Every structure is written in C-alpha cells, then in structure tokens.
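*Asks:* this is a predicted model, with the sequence first.
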Amino acid sequence: MALRACGLIIFRRCLIPKVDNNAIEFLLLQASDGIHHWTPPKGHVEPGEDDLETALRETQEEAGIEAGQLTIIEGFKRELNYVARNKPKTVIYWLAEVKDYDGEIRLSHEHQAYRWLGLEEACQLAQFKEMKAALQEGHQFLCSIEA
C-alpha cells in the first residue's frame, strides 16, 4: 500500500506586482536530510486524522504557520503519486494563502531553509516533475479565479 501524506501549497500575493508581474509567490521548504529537496510543507497522515487536518498540522509543525493564519482556496486539490525511497507514495495538496504577507516562518528541524518564490523559480527548485506540475496548476487556478 502507498504511503499517504498531505500538505499545503502555500502562497502569498504581492500587493504591488513586481516588474516581472510575479504577484504570486509560493513557499518552499528545503529538507535537512537526503538530497535537500524543496517542497511545500507536507507529512504523513496520523491515525484518526483526515487529510486536511494532516496538511494543517504539518504546516504548523514544519513552517510555524497556524490554521488561523491561512485561507484554504476552495476548488483546488491535487494528488501526486510517485516513488520515494523505493516505496509508492501519494501526496494530497491544497492551495492556501497566508493572511499576513510578512508573517514569520519558523522552521522545524526537518528543514534547513525556506524561500518565497515566483512560479518559474519555484518550479526550478522543485526538481520533481509532479511537484512542478502541481505548482503550475495551482498558479493557473489562482489566475483563473482572479479574472
């Protein structure tokens, strides 16, 4: 059976679009172990939790962002399926916007760095094609609901 994890693709909107018109920035965390990969906060579902509860708990644990500091974006949910450490893994992601643009990020021991990045830079750091696709789809979804 596949390992199951859940997380949030966290973003913020610049109030004044930058020169490159990159008004949406995504939060990526760099893992402390392995290949030091960059992903949004995520983690394994614990007994008795539903998927969204897991995503919110993991975000609080890994980035120090509490549920009340986020707005979950209705209508976007992506399931990624891939192999990690020779085992099948499923990760469910929702989109969530931080309410405070300058809110503090507090990393756990599981991560060594974080960055707010525009779509192109986020995709370059993400490395895995499934994660890149989820970021692109999330950005496209946000742009479509703004219109």
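*Replies:* Cool, the structure landed.
*Asks:* all contacts plus neighbour counts: C-alpha atoms, from now on.
*Replies:* OK.
*Asks:* helix or strand: which one has residue 138?
*Replies:* Element membership of residue 138, judged by DSSP states H and E, is helix 129-146.
*Asks:* which stretches in the protein count as strands?
*Replies:* With DSSP state E, the ranges of strands along the chain come out as 3-13, 24-31, 38-39, 42-44, 70-84, 87-98, 111-117.
*Asks:* deepest-packed of these, please.
*Replies:* Neighbour counts averaged per stretch over those are highest for strand 38-39, at a mean of 24; criterion: mean count of other Cα atoms under 10 Å.
*Asks:* that one pairs with which strands, parallel or anti?
*Replies:* strand 24-31 (antiparallel) (DSSP bridges).
*Asks:* can I get the strand it pairs with in PDB, CA atoms only?
*Replies:* The C-alpha coordinates for strand 24-31 follow below in PDB (Å, rounded to 0.1, in the frame of the first residue of the first chain):
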ATOM      1  CA  ILE A  24       2.000  35.200  -6.600                       C
ATOM      2  CA  GLU A  25       4.900  33.700  -4.600                       C
ATOM      3  CA  PHE A  26       5.000  30.200  -3.300                       C
ATOM      4  CA  LEU A  27       6.600  29.000  -0.100                       C
ATOM      5  CA  LEU A  28       9.100  26.100  -0.400                       C
ATOM      6  CA  LEU A  29      11.000  24.500   2.400                       C
ATOM      7  CA  GLN A  30      14.400  22.800   2.000                       C
ATOM      8  CA  ALA A  31      14.700  19.400   3.600                       C
END
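*Asks:* just give me how far that strand sits from the chain centre.
*Replies:* From the chain centre to the centre of strand 24-31 is a distance of 7 Å (Cα atoms, centre = their mean, to the nearest Å).
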